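Engineer: 3D, please:
(chains A and B)
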There are 2 protein chains.
Amino acid sequence: MAYPQTSFSHTSFSSPTFISRRRDVVYSTTLLYQLNVLKSTGRYDAFKLEWHLCYHDKPDVWPVPNHLFWDSDVAKWIEGACYFLLREENPTIDGAVKELVAMIRSAQQADGYLNIHFTVVEPTKRFTNLRDLHELYNAGHLIEAALAHTQCYGNDLLMEPVLKYVDLLCATFGPGPEQKHGYPGHPEIELALLRLYGERKNPKHLTLAEYFIAERGNPTGQDGRHYYDVEAEARGDRDHERPVYYPKRRSYWYQQAHEPIVSQQTIEGHSVRAMYLLTAVADLVRIEGPSSLKSADRTNALQRLWRNMTEKKMYLTGGIGAQKQWEGFGIDYFLPSSTDEGGCYAETCAAIGVMMLAERLLQLDLDGKYADIMELCFYNAVMTGMASNGKQFTYINQLASTDSDLSRRAEWFTCACCPPNVTRLLGYIGGYLWSFHVDENEKSKSVAVDIHMYSSATLSIPINDSVVEIEQSSNWPWEGKIAFTIRNPTDVATTIKLRIPAWAATWQLSPPLPNAHPNKGYISLPPAYLNAHPTFHLEIPLLARFVSPHAYTNQTIVALARGPIVYCVEDFDNPWVDDHFKSLVLDPSSRVTERAVKASSSMPEEGEGESYIGLTAHNAAFRMPENANDEQLAPHHIPLEFASDSDPTPQIQQRPGIEQLHFIPYALRDNRGGKGHMRVGIRRKL
Amino acid sequence: MAYPQTSFSHTSFSSPTFISRRRDVVYSTTLLYQLNVLKSTGRYDAFKLEWHLCYHDKPDVWPVPNHLFWDSDVAKWIEGACYFLLREENPTIDGAVKELVAMIRSAQQADGYLNIHFTVVEPTKRFTNLRDLHELYNAGHLIEAALAHTQCYGNDLLMEPVLKYVDLLCATFGPGPEQKHGYPGHPEIELALLRLYGERKNPKHLTLAEYFIAERGNPTGQDGRHYYDVEAEARGDRDHERPVYYPKRRSYWYQQAHEPIVSQQTIEGHSVRAMYLLTAVADLVRIEGPSSLKSADRTNALQRLWRNMTEKKMYLTGGIGAQKQWEGFGIDYFLPSSTDEGGCYAETCAAIGVMMLAERLLQLDLDGKYADIMELCFYNAVMTGMASNGKQFTYINQLASTDSDLSRRAEWFTCACCPPNVTRLLGYIGGYLWSFHVDENEKSKSVAVDIHMYSSATLSIPINDSVVEIEQSSNWPWEGKIAFTIRNPTDVATTIKLRIPAWAATWQLSPPLPNAHPNKGYISLPPAYLNAHPTFHLEIPLLARFVSPHAYTNQTIVALARGPIVYCVEDFDNPWVDDHFKSLVLDPSSRVTERAVKASSSMPEEGEGESYIGLTAHNAAFRMPENANDEQLAPHHIPLEFASDSDPTPQIQQRPGIEQLHFIPYALRDNRGGKGHMRVGIRRKL
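Structural biologist: The predicted structure is shown next:
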């Protein structure tokens, strides 16, 4: 069983597509750009363990020092760099990786401990605040970097110190009387340990990951009390002294530690933490097998929390997290579009986390509902996180802008988790397109390939001293026709499952396959069909459609979508806007046309920009009058005389209608300049 | 210039009306009921300064001890009792007042200090936490009790110790180098001191009130820093140790102390605090005169904050406050109906505070916009706070119920500010109906009466050794015809202004007055008219109308209103409901009929219930299907094919329509039993 972080090497991307172009930009620009930022901010040299002036700074987000996860920023950069070096050499990147690895090796303490802050700044405070201070999180990213490094370089230069560190962690944490019965405030190490176990087969790693997952939220786990309570008391924290992200004391739901995971009924708290945690839980179920007793409880929890998240706590873009204070989930159906409507957060890292979780859930249960969400997130809430030129990013991804939160990307962030997360994802994105299984138990081998996402790429599966190649060719997500070619020199029995997205009104396979119906979102092409038709086509018409959130969100809005792409309006195409499209009203029964927009030569010289399909709504929109209150007979009451046949909203259409309202993909916003006014869901005409 | 708390004695209520019946219930039942609760909870005896077991309890709302404002619960009961004793004797109530006064006198320390908690529980901590611990709030209510007591009994038994306490406060707080440059965390004493100044004319009282108001929020007021910062540091508070109602540290907007009042642009924080504060500010402007320099800034602030509150932060019911954590205002237009939609708080005391503020603003500027809000609050957000039987109350007044917050009243509350606030308001409500001014500057006197609210009552104005009586007779708020009679034996020149509510589509005065047009919401009847027509009628047709909040609230809902009354649906009349009417969809173009409901003999024996006008919407409603998600082609996306002419919400009408949807006044909810399912604003049919 492979992980995308390893299986991606079987995928090569071909003719320009959205994905390949993004990968090209990362390789040509973003990795180097990020490397320069690592250097200029001090992260690059931090493992030299010298004092950096910023270590004095008061934390922006008390009690978390601003530099606390520099370890992980470096680790994630290394990880992403290694994925791209596998595709193509680059002396600068290669040199930096080697230099960083050397610094990391030199930063290790004698007992294996490896952490910048708790070596340089607070050397006596190691493991005294698991709840807030990211030690295990940083360790997890070091593990992931080591796995990528070994895969790329074929040596253990980074893996060696990491394994020694993990040995220390295995000794420190666990159920033993002398051990700490704790677990990380920010999940990450769990999924990393499981991948490490998959690679090195050391049962201690599985045991530690399982311990962290099972112990989490145990109300009596340490001396008959919750570990975080005991830990806080030992630190001398006051009862009502709490982190800025805790609205109230003991807000352990923030890190999904308010009760054991298997008891949690709804998804709560910090979104990234939740996603990394559940990704690990799903992987643990896979490793232990779905029929173990614990797996049943965990599977139920995963299903329950996935449902709650996708049905009641997810934005149209796949983004998750409405609440800024804890960067996470609000209550059911609480999904305002922007900060001035109650909050919209939708952190880039969180949407990446959704993809990670969806991918693991697909391994447990091949169901298009997971892949639909995975793809929705990728093309919208994740890819909106990087500019076309690969050098600006977003952390927060509101569905509408405000004066205080314009639709603008930034060069970097004090908490810099999102940019390297995007780049490493694009490094191994090939592992998300498809999963494959080689069945070698029988005399004759067979191969099963499940295709989750479409692009232009080739999957190469080594088998029988030969290679089976599955090639798909398309201009997805702009065009819905995918051409497939199978090259199967030794005629291995091959089955291909093709995902039919739930939003696809129709689809056509040619040559046809009689009685082909999607089963849980996938149609299955048996070996007989593939032998007879080594080339075939799937066509999924991509038609613009209006989408709305659930009525209980109280968002009476409509957004445009086409295929997996969710759209937005920007001031660049609609320069008359002056209020973030807040007063705009859209009639969803009106005519929508498409326009193909080619990458322009006026794009930044670092790249040619991205081609896309834009949408235009004709004579569909108008703006509410400026002083909607003027019509009110009592403060904010808009009387609607029930006996009247006239338009029930009498104050409308006092300003000229909008003849053409132009939409672009949400992922491609803020690439052309402008005022930063943007909106996904437009107020719907009543 | 009189205050309603004194001028009310000029008003006598006559034939049964909503107001008179409520006053009767308070007199016959509520005062005694509350007296019993004061006794059973320990409040009654608390001024004996003995230890009560509950003083040990951990605070529900840290750091505020649960018993901290028992002083004010007692004071407010005394105040209300004194108002009602003026109307009718009652030996039990009278005896209790006298006993309480004796206990209060005995609780005073030698230097004048008078506070239960800081005498019994923390005697060394007086004035060390103005931000959180209610000393000055309690003192303010003692002042108001003393004013009512003196007015009722004609002696200074309560006033004497209160004045001595105020002397201590005047010495303790002020700009002097040895004085504390502080101000109360919970405003109340400011408005009380101003009333005391109006009564006793001691300039020190005005000075202290003005100091508290002007100093509030001064960022450098104490030793170059904010007073609350200095005070917290002196207490040894940790930087991130904060009260439960502070989402972040230094949330001084909670008590409107984040910056000077005159700089505040929007209304923020705890609603009751805001209202009591601004009431005092308005009264200060009146006292100092509108043309002083400070008055100009204060008037601008009052206007700005009033506008922001009524246009962007007020519920359809007049309720204010969406956020439970700080019992106060959310951001502009953030007005969810219920806790499961993001929050609805609308504390009873806060709506009373709106009335208090509106009443003071009317004294500065006679404008119907203030009286419209005052009346809206009274008949909805305030009067919903008490059951018909006078023995159950609400603190929080959501506009829709949920499983965790049913539409139910309670017998009492740990923080018991609301019930006695309702009863004392009903004591002096006569002072809200009308304001009158006697002009004695000229040789011939004249009287001006501004009528703000309609009922059945008589205003008696002593003048010229005689009395001018203005009698109004109506069945307001159920019927819109008011008969007026002026009895003016000495023919004093009298002018009457009648308020025409903004929601009144039409009105008729008979006999007519040519060219009578509302000026800022009031029509003016000159002496000539009144001499010619000592009896006249005003008719304001009360027609059911649909109302909606501003579009930017994202609440696409409609509510029914009739006159000043806002309606709701309850399960009692609509027993099919099982989900708090959440899935109900209402067509505002449908037919609505009225039904007169007489007080039933099946009402609780303590009272006959209340007659009212109910409303019924016919064939106007249906319920969305249970699984609205089933129609979605992608999680929570409801695709709306733009080319389709069919009903854009294809999932509707899968359950039978509702032939008759019955509405009752929101103030009269939860008087008949039932499941506690209630909703004001129904989802509007798209």
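Engineer: now stretch A:447-459, how far from the chain's geometric center?
Structural biologist: On the basis of Cα atoms, centre = their mean, to the nearest Å, stretch A:447-459 sits 20 Å off its chain's mean C-alpha point.
Engineer: I'd like the average pLDDT over that stretch.
Structural biologist: This predicted structure assigns stretch A:447-459 an average pLDDT of 97.
Engineer: anything in it near chain B?
Structural biologist: No. On the criterion Cβ under 8 Å from any Cβ of the partner chain, stretch A:447-459 is out of touch with chain B, staying 15.0 Å away. Every residue, glycine included, has its C-beta placed from N, CA and C.
Engineer: hey, C-alpha coordinates of that stretch in CSV?
Structural biologist: Only the C-alpha atoms of stretch A:447-459 are listed here, as CSV (Å, rounded to 0.1, in the frame of the first residue of the first chain):
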residue,chain,number,x,y,z
VAL,A,447,-3.8,-4.6,-11.7
ALA,A,448,-6.6,-2.4,-10.6
VAL,A,449,-6.4,1.4,-11.2
ASP,A,450,-8.9,3.8,-9.6
ILE,A,451,-8.9,7.1,-11.4
HIS,A,452,-10.0,9.9,-9.1
MET,A,453,-9.0,13.0,-10.9
TYR,A,454,-8.5,13.8,-14.6
SER,A,455,-5.6,15.6,-16.2
SER,A,456,-2.9,14.8,-18.8
ALA,A,457,-0.6,12.3,-17.2
THR,A,458,0.7,8.8,-17.5
LEU,A,459,0.8,6.2,-14.7
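Engineer: how deep is the residue in the stretch 301-450 of chain A positioned nearest to chain B tucked in, by neighbour count?
Structural biologist: In the stretch 301-450 of chain A, the residue that lies nearest chain B is A:Thr310 (4.3 Å; Cβ to the nearest Cβ). Here the count is done by other Cβ atoms under 10 Å in any protein chain shown, and A:Thr310 has 23 residues near it.
Engineer: so which residues on the stretch 251-400 of chain A come close to chain B?
Structural biologist: Proximity of the stretch 251-400 of chain A to chain B is assessed by Cβ under 8 Å from any Cβ, with A:310-312, A:314, A:316, A:325, A:330-334, A:336, A:340-342, A:369, A:372-373, A:376 identified as the residues in range.
Engineer: could you rerun that using 10 Å?
Structural biologist: Within the stretch 251-400 of chain A, the positions adjacent to chain B are A:306-307, A:309-316, A:318, A:322, A:325, A:330-337, A:339-343, A:369, A:372-373, A:375-376 by Cβ under 10 Å from any Cβ of the partner chain.
Engineer: how about stretch A:265-279: buried residues?
Structural biologist: Of the residues in stretch A:265-279, those with enough neighbours to count as buried (16 or more other Cβ atoms under 10 Å in any protein chain shown) are A:267-279.
Engineer: how far does it stretch from one end to the other?
Structural biologist: Taking Cα to Cα, to the nearest Å, stretch A:265-279 runs 17 Å from one end to the other.
Engineer: do the same with stretch A:671-686
Structural biologist: End-to-end span of stretch A:671-686 (Cα to Cα): 33 Å.
Engineer: got the buried residues for it?
Structural biologist: A:671-672, A:674-686.
Engineer: do stretch A:98-110 as well
Structural biologist: Applying a neighbour-count criterion of 16+ other Cβ under 10 Å, the buried positions in stretch A:98-110 are A:Leu100, A:Val101, A:Met103, A:Ile104, A:Ala107, A:Gln108, A:Gln109.
Engineer: pLDDT averaged over it - what is it?
Structural biologist: Averaged over stretch A:98-110, pLDDT sits at 98.
Engineer: got a list of contacts for that stretch?
Structural biologist: By Cβ atoms under 10 Å, 6 or more residues apart in numbering or on different chains, the residues outside stretch A:98-110 that reach it are A:35, A:38, A:43-49, A:71, A:74-75, A:77-78, A:81, A:113-116, A:118-120, A:123, A:126, A:142, A:145-146, A:149, A:153, A:155, A:157-162, A:164-165, A:168.
Engineer: burial of the nearest residue to A:Ile470 once chain neighbours are set aside, as a residue count?
Structural biologist: If you skip the residues right next to it in sequence, A:Ile470 has A:Leu459 as its closest partner in space, 4.5 Å away by Cβ to Cβ, 6 or more residues apart in numbering or on different chains. Here the count is done by other Cβ under 10 Å, and A:Leu459 has 22 residues near it.
Engineer: which residues touch the helix or strand where A:Leu459 lies?
Structural biologist: Under the assignment given by DSSP states H and E, the secondary-structure element containing A:Leu459 is strand A:457-463. Applying Cβ under 10 Å, 6+ apart, the contact partners of strand A:457-463 are A:7, A:9-15, A:17, A:19-20, A:429-430, A:433-440, A:445-447, A:449, A:451, A:467-474, A:485, A:487-488, A:490, A:492, A:494.
Engineer: ok, back up a step: isn't the residue of the stretch 301-450 of chain A closest to chain B right next to A:Met374, touching?
Structural biologist: No. Using Cβ atoms under 10 Å, A:Thr310 makes no contact with A:Met374, being 11.0 Å away.
Engineer: shared neighbours of the two, which are they?
Structural biologist: With Cβ under 10 Å, 6+ apart applied, the overlap between the contact sets of A:Thr310 and A:Met374 consists of A:Gly318, A:Val354, A:Ala358.
Engineer: just to revisit the earlier point, can you say which of the contacts of strand A:457-463 are buried?
Structural biologist: A:7, A:9-13, A:17, A:19-20, A:429-430, A:433-436, A:438, A:446-447, A:449, A:451, A:467-474, A:488, A:492, A:494.
Engineer: among the residues you listed, which ones are in helices?
Structural biologist: The members of the buried ones among the contacts of strand A:457-463 that map onto helices under DSSP state H are A:Ser7, A:Ile19, A:Ser20, A:Gly430, A:Leu433.
Engineer: if anything else comes up later, I'll come back, but that's it for now.
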